[in-house]
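> Here you go, sequence then predicted model.
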Amino acid sequence: MKRIFVMLLSLLLTVSLLTACGNQAELQDGYYTAQVSEFSHGWKEYITILVKGGTIVSVEYNAENASGFIKSWDNAYMQTMLHTNGTYPNEYTRYYANQLLEGQGESDIDTISGASSSHGTFQVLAQAVLEQARKGDSSIVFVDVVH
């Protein structure tokens, strides 16, 4: 009886470990992008990830305007936002992207004070881009986000 219990426990632990690793193994190699479908305040946010060996190895989170100019490169916007919100796009986009990379999509993303709206958008985009990676669908997915 004791031997059966040990075997069952061993089997249960093995299944648990495989299940825990299973989500990561589901990611297909390639580049994946999720983008907000509508401009908000002149910007359209997006996330692009690179998956290699079933692991996220690169994350880019940013926003672009209609001409393709990147939000984190806009120094005037940075100065305005820094003085009013205490953060700026080049800071919070890297922070959120790094958390997704480190957590491999399995961990919660902490909010930066002053960038909570972008945090909400990031969460929605992250789920969409991870779903694309699980499917192996490298087409850009457009996501509706309520601002």
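On my side now, so go ahead. A quick note: this is a predicted structure, and the numbers were derived from the prediction, not measured.
> nearest residue to Tyr92 other than its sequence neighbours?
Setting aside the residues directly before and after it, Tyr92 is nearest to Ala115 in space (Cβ to Cβ, 6 or more residues apart in numbering), at 3.9 Å. In short, each C-beta sits where N, CA and C put it, glycine included.
> What are the buried residues along stretch 86-97?
By neighbour count on 16 or more other Cβ atoms under 10 Å, the buried set for stretch 86-97 is 87-93, 95-97.
> nope, stretch 115-124 is what I was after
115, 118-119, 121-124.
> contacts for it?
Contact with stretch 115-124 is made by 36, 45, 47, 61, 85, 87, 89, 92-93, 96, 100, 109, 111-112, 143, 145, 147, as judged by Cβ atoms under 8 Å, 6 or more residues apart in numbering.
> try 7 Å this time
36, 45, 61, 85, 87, 92, 96, 109, 111-112, 143, 145, 147 (Cβ atoms under 7 Å, 6 or more residues apart in numbering).
> low pLDDT regions in the protein?
1-25, 147 (pLDDT under 70).
> can you give me the strands for it?
30-36, 44-52, 55-64, 141-143 (DSSP state E).
> Can you say which of those is nearest to Tyr77?
strand 55-64 (10.0 Å; Cβ to Cβ).
> what's the residue closest to the geometric middle of the protein?
Nearest residue to the geometric centre of the chain (Cα atoms, centre = their mean): Ala126, 3.3 Å.
> quick one: contacts for it?
So Ala126 contacts 47, 100, 105 (Cβ under 7 Å, 6+ apart).
> would you turn the residues you listed into a markdown table with neighbour count?
Output for the contacts of Ala126, formatted as a markdown table (neighbours: other Cβ atoms under 10 Å):
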| residue | neighbour count |
| --- | --- |
| Ile47 | 29 |
| Leu100 | 23 |
| Gly105 | 20 |
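> Save those residues as JSON lines, and put in distance to Ser138 too.
Below are these laid out as JSON lines (distance: Cβ to Cβ, whole Å):
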{"residue": "Ile47", "distance to Ser138": "14"}
{"residue": "Leu100", "distance to Ser138": "18"}
{"residue": "Gly105", "distance to Ser138": "17"}
